[in-house]
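# Sequence first, predicted model second:
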Amino acid sequence: MTFPVTVTVENGIALVTIDNPPVNAISQAMRQGILDAVATVDADTSIEAAVLTCAGRTFVAGADIREFGKPPEPPHLPDVLLAIEASRVGWIAAIHGTALGGGLELALACHGRIAAPEAKLGLPEVTLGLVPGAGGTVRLPRLVAMQDAIDMVTTGKPVAAAKALETGLIDRVAKGNLVEEAIAYAVEMNRSGKPEAVSKRPPRETPDDVFWREQEKTIAARARGQDSPVEALQALHGSVTLPVDKAFDAERARFLRLRDSHQAAALRYMFFAERNTGRPRETEGVDPQPLGKAGVIGGGTMGAGIAASMLLSGMEVALVEQTAEAAAKANERVDGILDGSRKRGLLSDEARDAAMARFAAHDTYDALADRDIVVEAVFEDMDLKREVFSELNRVCRADAILATNTSYLDVDELASATSVPSRVIGLHFFSPAHIMKLLEIVRPHAASPSALATGFALAKKLKKIPVLAGVCDGFIGNRIMSAYRRECDFILEEGALPQEVDAAMRDYGYAMGIYAVQDMAGLDIAWAMRKRPAATRPADERYSRIADRLCELGRHGRKTGAGWYAYQDGAKAGRPAPAVEEIILEESARLGYERKPFTADEIMDRILSVMQAEARAVLDEGIALKASDIDVTMVHGFGFPRHRGGPMFAAGYRD
Ligand code: T1G
Ligand code: NAD
């Protein structure tokens, strides 16, 4: 039986190694193992210091989230950490990979911390609806300034080793072998004397009440109805105003209360749902095509983003545009995207240059002869896309995967434009394609298991979240969004105004309401999509003309200075537009509606019931493999509040 914690002693230094693949998540056995290791170290007087390290790819990545659904079993992590602090000798944490949550709390209980340069350290508990439950909010402000502690604990974002060194979270960044340098640090510490335990040190800062009130206002606004960020701030406040032992107790009580909350259940559900999206049975054991060389057709908004995403994953990309001038513009777009990533510190200068060296924009299809996969992202026009596919069929290898990024068009029809339809799939990226993680993989009837397996392999390579979708109008996300977008327009006809619908959605936890989103994306795309079936729309089908009338007036959104809202002098935030209200009132009168007021709850009830009904239809028709795939799609592609788990979770649906 392998034990998750082992102790070896050399020259008076105990090397305590944790080994619990894949991410050294803290289990009950590990907590017991660490406690036993402290006892072993304390009992062996030949030991003068201890180094805590982890095997595998990362330091401890936090408590085992799978244990959260069950009652916590002793020994409890806070007690294990107090034992380390009280140990006879000093402990040094040697951190590589990601020290997260309970993993960082474990390191904070040590007397010193050294990290590898690429290590990241964070307290992501708020992303799971929790607060740190093992002293993180008590020890952190005793090492770093309060604002740094607040940023880490209330956003859950990890910090890189260099930043951690700067803030005082760690003492050293290793230059060479991490464990060797940790041992050397332990020897030095032993000579200079064990430092005081972190929880015994005074807080670095004790801000006044005005500071806390200001912070709470900012964090509550940013949390948009999620409780844990505000709870985390309150825990930090207690850590510097209560006696330490009371602060530990208060933090633990808060953690246990939140652990049983609905929001924590929803966030835990989403954590696993996005990592376990459904795979088509027919791809089991099927090897994907190699994915070294890609082609992209169309270098506009989506094509440039898709190309950048592929370049960032290490692929080589040949992009084809209509003309040499359009190709040059596409090259600038891709270069700009990569430079943006570099400026945000996500990409080194060298990596950016290397990526661009793997990119070329062309105005002929000749460059596509050796591609493993080609994704088209030309205008949303079936005739044009069919032309592109027949051209790809002519120039590409017979085994090259051909994919379309279409939002709404029939992928089966596109597949029929090639002589080998089995290699055609849909890869529906979301804008901006190099940032949004969701990727709907659309399965046409003729798609081969190898083509589908390659789609999923591409998603993994691009670090996207793949969701399998069947062929229908809008696949999973756009189909459900179109349904509730229609319902919102009906609500306008019956009495509400765009700003009231958007306010209700923001209160529910959306970052933006549906009308502000349409103005940002442009109303003309959906307008073109609505016009396509107009001729065959059943006469008795309720259809709102409000959006069409806005588009006919040229109100296409922010890009035209006016849409559902008015955008004075290119302002980003729109203001209610009397012209829009006038059209709404005219439509209500034309349809004979006596307008009535709507509360935010009434608006959200209408939206959610339509969203959930369409989601159930998507599931029943087999367009989505499972309910949690629909929730992942709506959270990651359409801004459904993550702390509510998704429309199916919110409706009580469980796979
Ligand atoms: N518990 C259980 N399983 C976990 C896990 C965890 N904390 N983290 C990852 N896994 C599984 C994951 O489901 C997947 O499983 C595999 O490991 C690889 O993960 C007391 C209470 C560490 C950055 O929130 O952020 O500590 O699918 O695909 O992309 O105060 O995993 O292979 O079967 O994500 O390389 C705080 C969550 C917990 C960290 C690695 N910790 N994990 O990313 O791999 S709360 C977290 C991550 C806590 C304390 C509180 C990432 C990663 P499978 P992966 P990755
Ligand atoms: P876009 O207008 O920004 O870019 C389309 C590009 O295709 C243009 O640069 C155009 O020059 C090029 N093009 C046209 N015909 C071509 C041809 N024959 N050969 C090579 N290039 C050609 O459009 P977009 O927003 O990038 O959308 C592209 C596709 O992606 C559409 O099918 C759209 O529905 C889909 N999509 C868009 C979004 C979005 O939010 N914009 C999201 C997902 C999917």
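Perfect, I can see it now. Ligands and ions are numbered 1, 2, ... in the order given.

# Provide the backbone phi and psi angles at L438.
The phi/psi pair for L438 (degrees, to the nearest 10) reads phi -70, psi 140.

# Confirm for me that it is in contact with T633.
Yes - if you go by CB atoms under 8 Å, L438 and T633 touch, sitting 6.3 Å apart. Placement of C-beta: from N, CA and C, glycine included.

# ok, the two, which is more surrounded?
Each of L438 and T633 has its neighbours counted (other CB atoms under 10 Å); T633 has more, 31 against 23.

# just to revisit the earlier point, show me whatever sits in contact with both of L438 and T633.
Residues touching both L438 and T633 (CB atoms under 8 Å, 6 or more residues apart in numbering): 467, 477.

# The lowest-mean-pLDDT helix or strand in the chain packs against which elements?
One helix or strand of the chain scores below all others by mean pLDDT, DSSP states H and E: helix 523-531, with a mean of 86. Judged by 3 or more CB pairs under 8 Å, 6 or more residues apart in numbering; DSSP states H and E, the packing partners of helix 523-531 are helix 477-494, helix 546-552.

# again, 10 Å this time
When contacts are defined as 3 or more CB pairs under 10 Å, 6 or more residues apart in numbering; DSSP states H and E, helix 523-531 packs onto helix 477-494, helix 514-521, helix 546-552.

# Would you tell me which of these gets closest to A351?
In terms of CB to CB, the element of the helices and strands packed on helix 523-531 nearest to A351 is helix 514-521, at 30.2 Å.

# Check which residues of the closest one are buried.
Using 16 or more other CB atoms under 10 Å as the test for burial, helix 514-521 gives 514-519, 521.

# Then stretch 542-558?
Result for stretch 542-558 [16+ other CB under 10 Å]: buried residues 544, 546-548, 550-551, 555-558.

# can you redo these as JSON lines with pLDDT and distance to I183?
Listed next are these as JSON lines, based on pLDDT from 0 to 100; distance: CB to CB, whole Å:
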{"residue": "S544", "pLDDT": "96", "distance to I183": "70"}
{"residue": "I546", "pLDDT": "98", "distance to I183": "71"}
{"residue": "A547", "pLDDT": "97", "distance to I183": "67"}
{"residue": "D548", "pLDDT": "97", "distance to I183": "72"}
{"residue": "L550", "pLDDT": "97", "distance to I183": "69"}
{"residue": "C551", "pLDDT": "96", "distance to I183": "69"}
{"residue": "R555", "pLDDT": "96", "distance to I183": "68"}
{"residue": "H556", "pLDDT": "94", "distance to I183": "65"}
{"residue": "G557", "pLDDT": "93", "distance to I183": "61"}
{"residue": "R558", "pLDDT": "90", "distance to I183": "58"}
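
# tell me, which of these make contact with ligand 2?
Among those, proximity to ligand 2 is found for none (CB under 6 Å from any ligand atom).

# can I get these in CSV with distance to V144?
Output for the buried residues of stretch 542-558, formatted as CSV (distance: CB to CB, whole Å):
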residue, distance to V144
S544, 53
I546, 52
A547, 50
D548, 55
L550, 50
C551, 52
R555, 49
H556, 48
G557, 43
R558, 40
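
# who's in contact with F389?
Listed by CB atoms under 10 Å, 6 or more residues apart in numbering, the contact partners of F389 are 297, 374, 376, 402, 404, 413-418, 421, 424.
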